[in-house]
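In: test case, fold it:
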Amino acid sequence: MKKIVSILLIIVFGSLIISCEAKEKSRSSYRIDTKPYQYVFDAFDTQCSISLYGVKNEKLAEIYVADIQKLVDNYESVFSKTIEGSEIYDINHREGDSVMICDQTASLFGIAQSLYEWSNNKFDVSAGTLFDLWDVKNRTTVPTLEEINEARKHVGNFKFTIEQNVAPDEFRKNRITFYGDKATKYDFGALVKGFCCDAIKEMLEDNDVIEASIINLGGNVLCTGDVDGRKGGAFRVGIFKPFSGNDIIDTLEVKNRNVITSGNYQRYFKVDGDDRVYHHIIDPMTGYPTDNGLDSVTIASENGLLGDYLSTACMLLGDKLSKNLIDFASKEFNDKNIQATFVYSDGKIEKYPKKVNLTK
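Out: Sure, this is the predicted structure:
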């Protein structure tokens with residue numbers, strides 16, 4: 001990676017570009033020309049990266065990288081819907097009504113219904129049958145109306161109870177019991193990377209070794225610490241212009257925040273003779289990819305789980321209802337400095353709220 005001397009340090013992964021520009025005298029403990037220790041790995045079916053600044057030596061950096069990767073691997077092994085033996089896989093393939101789950105899974109199921117209701121029933125982790133039907137990574141044709149209607153019969157199902165600490169000496173110490181529709185499939189793909197970033201942020205907060213870091217889980221970007229050579233120690237995060245390759249349409253300056261984008265340009269397919277983009281953000285109310293004039297929504301927030309949720313929920317709701325949701329969520333999560341960047345299909349950009357402090 002190039003030295004940080006009056007040039008842009010650019011790391012490109014997923015849907016964001018992260019850069020920091022040296023303009024002022026360094027106020028950190030490491031030199032302005034020091035490289036970050038950077039590592040790339042695969043998780044959550046995407047490319048991820050870790051960049052650590054201010055670490056004294058490579059051996060020490062590798063210890064922290066190993067801890068972060070272990071945490072990421074653990075979250076994937078719990079929440080993947082495709083890895084046999086994961087908790088979500090076991091739930092979706094259960095023979096009886098009950099499955100033992102860990103605290104993290106219990107937490108996500110515990111708030112899933114609230115997130116569903118906040119989004120006017122559009123953000124639905126129980127819509128796995130519909131998401132599987134629209135598998136845009138492998139599909140080349142639009143599902144039939146009959147297939148869509150059949151899949152929609154199994155969404156919106158939050159009929160479950162959770163018994164905590166049933167097996168206090170076990171990792172899976174909680175029991176979740178489901179009622180009603182046994183064909184319902186659960187999918188936490190729109191939450192788990194943000195949830196994982198929150199755990200990583202907590203891990204990094206209690207150390208005096210790392211001055212700053214960029215954790216990028218396939219476009220879910222967590223920036224921590226002070227950036228060497230930038231006013232206020234802020235990171236500069238660039239947002240890609242949808243359907244343009246690597247063109248940047250906007251930039252944010254953030255500190256100790258997550259920057260998370262959802263968009264219709266990341267995973268999609270087209271059909272011959274049809275100009276429509278059939279993307280992966282599916283509206284369970286209609287059974288089809290959402291189409292409300294937005295190409296992407298980027299959320300900057302302290303809480304990664306909230307940012308992950310809002311980026312998808314806003315794409316589903318459209319801009320007007322999204323603003324009400326952002327106001328509500330800001331109060332519920334006690335984060336007054338959440339900001340959304342709406343990128344419209346006509347190229348217009350709008351920020352909401354306009355005046356927030358993302359470097360606080």
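In: which phi and psi does A151 have?
Out: phi -70, psi -40 (degrees, to the nearest 10).
In: list the contacts for it?
Out: T129, L130, D132, L133, P143, G287 (CB atoms under 8 Å, 6 or more residues apart in numbering). Where C-beta positions appear, they are placed from N, C-alpha and C, glycine not excepted.
In: residues in contact with the third one?
Out: This points to D132. A151, K185.
In: quick one: low-confidence ranges for this protein?
Out: Within the chain, the set of residues satisfying pLDDT under 70 comprises 1-34.
In: what about the helices in it?
Out: Along the chain, the stretches classed as helices by DSSP state H are 58-79, 87-92, 103-118, 128-133, 145-152, 192-205, 304-317, 319-332.
In: tell me which of the ones you listed sits most buried.
Out: Burial of the helices of the chain is given as mean neighbour count (mean count of other CB atoms under 10 Å); helix 304-317 ranks first at a mean of 27.
In: now do that helix: which elements does it pack against?
Out: If you count contacts as 3 or more CB pairs under 8 Å, 6 or more residues apart in numbering; DSSP states H and E, helix 304-317 packs onto helix 103-118, helix 192-205, strand 220-225, strand 257-263, strand 294-301, helix 319-332, strand 339-344.
In: hang on, the earlier thing: any idea which of the helices of the chain gets closest to D228?
Out: helix 58-79 (15.6 Å; CB to CB).
In: what are the contacting residues of the closest one?
Out: Against helix 58-79 from outside (CB under 8 Å, 6+ apart): 37, 39, 41, 43-44, 48, 50, 52, 55, 83, 85-88, 102, 104-105, 108, 188, 192, 195-196, 199-200, 203-204, 207, 209-210, 215, 217.
In: just the CA coordinates for it, please, in CSV.
Out: Extracted in CSV, the C-alpha atoms of helix 58-79 (Å, rounded to 0.1, in the frame of the first residue of the first chain):
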residue,chain,number,x,y,z
GLU,A,58,3.6,-7.4,12.2
LYS,A,59,3.5,-10.1,14.8
LEU,A,60,1.4,-8.0,17.1
ALA,A,61,-0.9,-7.1,14.2
GLU,A,62,-1.3,-10.7,13.3
ILE,A,63,-2.5,-11.5,16.8
TYR,A,64,-5.3,-9.0,16.5
VAL,A,65,-6.1,-10.0,13.0
ALA,A,66,-6.4,-13.6,14.1
ASP,A,67,-8.8,-12.6,16.9
ILE,A,68,-11.0,-10.6,14.5
GLN,A,69,-11.1,-13.3,11.9
LYS,A,70,-12.0,-15.9,14.5
LEU,A,71,-14.9,-13.7,15.7
VAL,A,72,-16.1,-13.2,12.1
ASP,A,73,-15.8,-17.0,11.4
ASN,A,74,-17.8,-17.7,14.6
TYR,A,75,-20.6,-15.3,13.5
GLU,A,76,-20.7,-16.9,10.1
SER,A,77,-20.8,-20.4,11.5
VAL,A,78,-23.8,-19.4,13.6
PHE,A,79,-25.8,-17.3,11.2
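In: give me the angle between it and helix 103-118.
Out: Counting by axes from the mean of the first three to the mean of the last three CA atoms, to 10 degrees, helix 58-79 lies at 60 degrees to helix 103-118.
In: gap between helix 58-79 and the chain center?
Out: 18 Å (CA atoms, centre = their mean, to the nearest Å).
In: make TSV from the helices of the chain and add distance to T224 to it.
Out: Output for the helices of the chain, formatted as TSV (distance: least, CB to CB, whole Å):
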stretch	distance to T224
helix 58-79	11
helix 87-92	28
helix 103-118	21
helix 128-133	31
helix 145-152	40
helix 192-205	5
helix 304-317	11
helix 319-332	21
